[in-house]
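*Asks:* Here is a sequence together with a model predicted from it:
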There are 2 protein chains.
Amino acid sequence: MITASICTIGDEILIGQIVDTNSAKIANMLGEIGIKVSYTISIADDKKEIITRLKNALDETDVVIVTGGLGPTKDDITKDALKELSGSENYRESPEQMEIIRKIMKLRGIELSDLNKRQALVPEKAEVIANPLGTAPSMMFRIGTKLLFSLPGVPYEALGCMNSVIGILKKELNTEDIYHKTILTFGIPESTLAKRIEDWENNLPEGYKLAYLPSPMSGVRLRISKYGGSAKDAEIKTAEIVSQLKNLLCNAVYGEDDDTLQSVVGKILLKYNLTVSTAESCTGGLVSSLLTDVPGSSGYYYGSIISYDNSIKEKILGVSREIIETRGAVSRECVTAMAENARKIMKTDYAVATSGIAGPGGGTQDKPAGTVWIAVSSKSKTSARLFTFNGQREQNKQRFAANALNFLREIILDENR
Amino acid sequence: MITASICTIGDEILIGQIVDTNSAKIANMLGEIGIKVSYTISIADDKKEIITRLKNALDETDVVIVTGGLGPTKDDITKDALKELSGSENYRESPEQMEIIRKIMKLRGIELSDLNKRQALVPEKAEVIANPLGTAPSMMFRIGTKLLFSLPGVPYEALGCMNSVIGILKKELNTEDIYHKTILTFGIPESTLAKRIEDWENNLPEGYKLAYLPSPMSGVRLRISKYGGSAKDAEIKTAEIVSQLKNLLCNAVYGEDDDTLQSVVGKILLKYNLTVSTAESCTGGLVSSLLTDVPGSSGYYYGSIISYDNSIKEKILGVSREIIETRGAVSRECVTAMAENARKIMKTDYAVATSGIAGPGGGTQDKPAGTVWIAVSSKSKTSARLFTFNGQREQNKQRFAANALNFLREIILDENR
């Protein structure tokens, strides 16, 4: 079994200013090609400390992934430590990264500074992995029989470069076949789900493992893994297992692997040549923002009216003052009118509307913070549902938005297939 | 200087299934009483590994905080390791934790199992720190001159117990003061910023350290730290240093510590009793969603018209077809009309509008993906600016939205102070 360690560098992690999200994502990517992470460690921006810890990591594991400490400013001393560790005498300029830096600075209309130029310098023994998303290059070092990778700390840059690293690792090392399939479910709580699929889980073929991955935005993801053996065989066998699982869960299964509720809604809308709009109150544009996170969403998403203030509900969405005064903005009647009117005003096939209380303030005994009404309107009908959660403001917003997308998905499927 | 290490135990962290949020919060709490975290490490549920790593941690730091590995199923591993490490011969039952376990099980209506009862067992050399929030007890061990604490892994249980740990540490150790201050800047790239404040940075008083923390959504945060000495003195001295820094950066400084662009915009709007609305195209509701992430945002935020499709720009926002046909949706003219009309339609003091190309598709030679026009409209004028970035779709959206919030902030400050 090939082992790895992940080392994140930066005082900001050690004083608790930022949460290290890189390690989990990198560990996940390594796991997918059968490399086992033995440990992750976060250390300070201190040259001596960096060298000592990385030497240990190289002794203890086959692959070392380092993130952070590559910015242009003074607190970044990782590169010096890597120069010493790799036995490089000097720095050399990486022409490919220099080209990227020039492009980025030109695009931003900023003159190239000495600091920028210094970012293209790498220890001479480094093999450069170009980082098209930022100014700091990623690097690979061969130290004895071990491989050490140094990536920038900014999460999207680090993960962008990890794709290249995974490619290199697959080529350089004899990685074991691992087959993963993730089935995405929404709307069934983890414990209920576990009970519903208990027999199926107990009868999984030998060597197959199941993991439950719950999250407010994605529901419960079920990951089936098979380590070793042929990935081709595992793929065929897994398809069979998954088909049994889908029979047990029906509509609660919304996708696989990298799908998201918003990408799945998009695919369905494109398939049936349909369009959608939203009318949001408590979610404040989050449903709309999620829908437009999907590339190509302009093909089916028209727009949204965010009516945070009741005056907007009345004047632009045409919800009657009577409904707001007698039923309240957080009511079946209000959210139904919001969805129906949004659909008509924006001339779309579907519209989804939300009205609720994200908290922490604004709740009442009848409608505590965490309460949300969601409606979906189509040409044939408008349906509304009440949900209650008990999270903090941001989690509530996320749960509201995810449930709105899922409700929309269910109604569209119901009416079209 | 008293040092600490934080050790999180659990396979789920190493396969990337969960992000370790405990370490950051524990580090923060330790920092506040002047204990410096030298490193954090995540390791597997493996007894030998646990013993080795904890021995090292005890050699390297004065205080070791362990979280995780105390659940009813994994119980034996961490607790066995701690029994061995502390030189305990046997387990003993903790009566205070047994009482809590009984209460919790009764509340949940579950009969006490052997597994539950076993959770009240601790190595005999452990001093128990009762955990009222869960079934696993926290423990303290004195090993030589060092202190080792073992806490449950569930975040709210771990942090609950940390409050007791902090009390113990303050009593047992002669803790040193640490003072941190973070200054938030936006709109100046890290390398340009470093140049602009170079002299100031070189003249920082002895013992003061500066760190640059860049991110697409928050700009560049500058953290000033002072270890040792009196926190009171550091606070006074830092105020002086910060005031010099603000003179160098003027409007680019938008806040301090836990502020965000959206919370700062909210504070300013409340201060001057002003309201805001948005009209978004490429950001698809993200500006609106960020503004409403702030509790109490209903006090100044009215709503938004998300006009992803040009038909919505025309029909609801009243942008003339001529502008869209001759100038394009991504143009100064279009975004200016969007902002002006949104402000009038939603009857707010300010409106901010975005129109651009998030990518990856939709770009042209003149207007590549990453291009955005942003406009801010007030009663007295409407201003528009062009920005270009080169990230991926989601990062571009984030940068567009952050720049929209910052542009809004600058204009409101300009017109009101």
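*Replies:* Arrived safely, thanks for sending.

*Asks:* partners of the one helix or strand in chain A whose mean pLDDT sits lowest in the sheet?
*Replies:* Ranked by mean pLDDT, DSSP states H and E, the weakest helix or strand in chain A is strand A:208-215, scoring a mean of 82. Counting by DSSP bridges, the strands paired with strand A:208-215 are strand A:219-227 (antiparallel).

*Asks:* Please put the alpha-carbon coordinates of the strand it pairs with into PDB.
*Replies:* Extracted in PDB, the C-alpha atoms of strand A:219-227 (Å, rounded to 0.1, in the frame of the first residue of the first chain):
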ATOM      1  CA  GLY A 219     -28.300  15.300   1.400                       C
ATOM      2  CA  VAL A 220     -26.800  11.900   2.200                       C
ATOM      3  CA  ARG A 221     -24.300  10.600  -0.300                       C
ATOM      4  CA  LEU A 222     -23.700   6.800  -0.200                       C
ATOM      5  CA  ARG A 223     -20.200   5.900  -1.300                       C
ATOM      6  CA  ILE A 224     -19.600   2.300  -2.400                       C
ATOM      7  CA  SER A 225     -15.900   1.400  -2.600                       C
ATOM      8  CA  LYS A 226     -14.000  -1.700  -3.800                       C
ATOM      9  CA  TYR A 227     -10.300  -1.800  -3.100                       C
END
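
*Asks:* Give me the contact list for that strand.
*Replies:* Contacts to strand A:219-227, defined as CB atoms under 8 Å, 6 or more residues apart in numbering or on different chains, come from residues A:34, A:176-190, A:193, A:197, A:204, A:207-215, A:234, A:237-238, A:241-242, A:245, A:254, A:261, A:402, A:406. Every C-beta, even on glycine, is put in place using the N, C-alpha and C of the backbone.

*Asks:* now do stretch A:383-402
*Replies:* Counting by CB under 8 Å, 6+ apart, A:186, A:216-219, A:261, A:282-284, A:286-287, A:290, A:332, A:335-336, A:339, A:354, A:356, A:358-360, A:368-376, A:403, A:407, A:411, B:289, B:292-293, B:295 sit against stretch A:383-402.

*Asks:* Give me the subset of the contacts of strand A:219-227 lying in helices.
*Replies:* Among these, the members found in helices (DSSP state H) are A:190, A:193, A:234, A:237-238, A:241-242, A:245, A:261, A:402, A:406.

*Asks:* which among those residues end up buried?
*Replies:* Taking 16 or more other CB atoms under 10 Å in any protein chain shown as the criterion, what is buried in the ones in helices among the contacts of strand A:219-227 is A:193, A:234, A:237-238, A:241-242, A:245, A:261, A:402, A:406.

*Asks:* OK, contacts around the residue of chain A most remote from its centre?
*Replies:* What lies farthest from the middle of chain A is residue A:322; by CA atoms, centre = their mean that is 41.6 Å. For residue A:322, no residue meets the contact criterion (CB under 8 Å, 6+ apart).

*Asks:* Just give me the neighbour total for residue A:340.
*Replies:* Close neighbours of residue A:340, defined as other CB atoms under 10 Å in any protein chain shown, add up to 21.

*Asks:* doesn't residue A:350 make contact with it?
*Replies:* No. Counting by CB atoms under 8 Å, residue A:340 sits too far from residue A:350 to count as a contact (11.1 Å).

*Asks:* list residues touching both of the two?
*Replies:* residue A:377.

*Asks:* pLDDT wise, what is the closest residue to residue A:43 other than its chain neighbours at?
*Replies:* Nearest residue to residue A:43, sequence neighbours excluded (CB to CB, 6 or more residues apart in numbering or on different chains): residue B:39, at 4.8 Å. With respect to pLDDT, residue B:39 scores 97.

*Asks:* Put the alpha carbons of the helix or strand hosting residue B:39 into CSV.
*Replies:* If you go by DSSP states H and E, residue B:39 is part of strand B:36-43. Below are the C-alpha coordinates for strand B:36-43, written out as CSV (Å, rounded to 0.1, in the frame of the first residue of the first chain):
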residue,chain,number,x,y,z
LYS,B,36,1.1,29.0,21.2
VAL,B,37,0.1,26.0,19.1
SER,B,38,3.3,24.6,17.5
TYR,B,39,1.5,22.1,15.3
THR,B,40,-1.7,20.1,14.7
ILE,B,41,-1.7,16.6,13.5
SER,B,42,-4.5,14.2,12.4
ILE,B,43,-3.8,10.5,12.8
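
*Asks:* Mind listing the strands it pairs with, and their directions?
*Replies:* strand A:36-43 (antiparallel), strand B:3-9 (parallel).

*Asks:* ok, back up a step: filter the contacts of strand A:219-227 to the buried ones?
*Replies:* A:34, A:178-188, A:193, A:197, A:208, A:210, A:212-213, A:234, A:237-238, A:241-242, A:245, A:254, A:261, A:402, A:406.

*Asks:* show me the contacts for residue A:143.
*Replies:* So residue A:143 contacts A:58, A:85-86 (CB under 8 Å, 6+ apart).

*Asks:* ok so, going back, wait, a strand at the residue farthest from the centre of chain A?
*Replies:* No. Counting by DSSP: H, G, I helix; E, B strand; the rest coil, residue A:322 is not found in a strand; it is helix.

*Asks:* per-residue pLDDT, it?
*Replies:* The model's pLDDT for residue A:322 equals 97.

*Asks:* same thing with the one 4 residues further on?
*Replies:* pLDDT, residue A:326: 97.
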